[in-house]
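Participant: Need the 3D shape of this:
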Amino acid sequence: MNTSENTRRELTQDEIIEHARGLPGVVAETAGEVTGAPEIAWGDTFFSYDPDGLAPADRPFPFATIVTKDYTGFDTESNVDRPGVYRLNINVGRAEFERLVGHAPAAHSTHHADFDYTELDRLLPHPAYATQGWISVLNPGQRTADQALSL
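Facilitator: Alright, predicted model coming up:
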């Protein structure tokens, strides 16, 4: 962590996208009508490692996403539909997930109820993908911004 930790403001989605695009081989694509993405994903951003510049349909599965809404019937526990709320999701892998969260991804079902998935600026297991090693943070800010960018 840097010394600005106590004064850092909330990260914007654009700052996260700009940061990720500055990493070697990373492609950030925000879904919309022109990208051919399903309408439900419009406004969400997907980060892939693609050093070869593949066509979007051929890119590897994203390693991180920014979601701007709930996905009804599937992913609603974070209540991202609140005004101004977005969620950064990062696949950190099993070992890093356990280090960050305190339990293995495979054990998450027994810990799921221990977390408030609506809490802002807190590193949390992803409410739907924790068992695959994904973490999430709603509106990274003073407590989590630097850590989120480093992950």
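Participant: Can you get me a residue count around the nearest residue in space to Gly36 that is not next to it in sequence?
Facilitator: Distances taken as Cβ to Cβ, 6 or more residues apart in numbering put Pro56 closest to Gly36, at 7.7 Å, once the chain neighbours are dropped. Glycine gets a C-beta too; all of them are placed from N, C-alpha and C. Residues lying near Pro56 (other Cβ atoms under 10 Å) number 13.
Participant: Identify all residues paired with the spatially most central residue of the chain through a beta bridge.
Facilitator: Centroid-nearest residue in the chain, with Cα atoms, centre = their mean: Asn89, separated by 1.5 Å. On the basis of DSSP bridges, Asn89 takes part in beta bridges with Thr65, Ser136.
Participant: thinking it is in contact with Tyr71, fair?
Facilitator: No: using Cβ atoms under 8 Å, Asn89 is not in contact with Tyr71, being 11.9 Å away.
Participant: just checking, Asp70 touches Thr76?
Facilitator: Yes: the pair Asp70 / Thr76 is scored as a contact, 4.3 Å apart, by Cβ under 8 Å.
Participant: Helix or strand: which one has Gly53?
Facilitator: Gly53 is part of no helix or strand, with elements assigned from DSSP states H and E.
Participant: ugh, wrong one, Pro24
Facilitator: Pro24 is part of no helix or strand when elements are defined by DSSP H and E.
Participant: gap between it and Ala148?
Facilitator: Separation of Pro24 from Ala148 (Cβ to Cβ, to the nearest Å): 19 Å.
Participant: Name the residue in the two with the higher neighbour count.
Facilitator: Neighbour totals were compared for Pro24 and Ala148, and Ala148 leads with 21 against 6 (other Cβ under 10 Å).
Participant: ok so that one is a helix residue?
Facilitator: Yes: Ala148: assigned to a helix according to DSSP: H, G, I helix; E, B strand; the rest coil.
Participant: residue ranges with poor pLDDT in this structure?
Facilitator: 1-8 (pLDDT under 70).
Participant: Is Pro60 within a helix or a strand, and which one?
Facilitator: Here Pro60, judged by DSSP H and E, is contained in no helix and no strand.
Participant: Alright, I will stop here.
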